[in-house]
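Participant: Coordinates for the following, if possible.
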Amino acid sequence: MRKVQMVTDRELEILKVLWARGRASVREVQDDLNKSAGPVAYSTVQTLLNIMEDKKGLVRHVVEGRTFIYIPKKSSDRTIRELTKRFLDRVFDGAVDRMMVALLDTKPTSPADFDRLRAMIDEAQKQADGRVEEPAGTANEAG
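Facilitator: Numbering: from 1, shown residues only. Next up is the predicted model:
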């Protein structure tokens, strides 16, 4: 299994196009990028897709007629999870709390944002608790 590679900003933009479309030709990717991210040359998109396929294993292609159709190899959720884990390990030495503090320091956070974060943390805690055996008397307690 190939180790997940970090992606450049432009490669991520390309992946987002492919995730939204499911599959796309170089021209379709270029058209979408030109609308959303500013002008990009056809040859640049083609080169990036080749790198993303040959060196990074992020996409694959099929040939339809004379056109290469590119398809993402992994779902957006799986890719984002892998990239986030790699980032967490490289930048924060795996310390989730340090990463969360850094994230919260980068942008003003509204009370509604904190409420959503608490709910997500509570749900993640429930899932984690479900994976380990609970001590006697704690299962199904009202809270």
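Participant: distance between the top helix by length along the chain and the chain's centre?
Facilitator: Taking DSSP state H as the assignment, the helix of the chain that covers the most residues is helix 111-131. Remark: helix 111-131 is offset 20 Å from the chain centroid, using CA atoms, centre = their mean, to the nearest Å.
Participant: Distance check, residue 19 against residue 106.
Facilitator: 24 Å (CB to CB, to the nearest Å). From N, CA and C alone the C-beta is placed, and that goes for glycine too.
Participant: Have a look at these two and say which one is more surrounded.
Facilitator: Summary of the neighbour comparison: residue 19 and residue 106, criterion other CB atoms under 10 Å, with residue 19 having more neighbours (15 against 8).
Participant: Now do the contacts for the residue nearest to that one when sequence neighbours are not counted.
Facilitator: Sequence neighbours aside, residue 76 is the residue nearest to residue 19 in space, at 4.4 Å (criterion: CB to CB, 6 or more residues apart in numbering). Shown here is residue 76, whose contacts under the criterion CB atoms under 8 Å, 6 or more residues apart in numbering are 15, 16, 19.
Participant: Keep only those of these that are in helices.
Facilitator: Among these, the members that lie in helices (by DSSP H) are 15, 16, 19.
Participant: The last one contacts residue 72, correct?
Facilitator: Yes: Residue 19 is within contact range of residue 72, at 5.9 Å (criterion: CB atoms under 8 Å).
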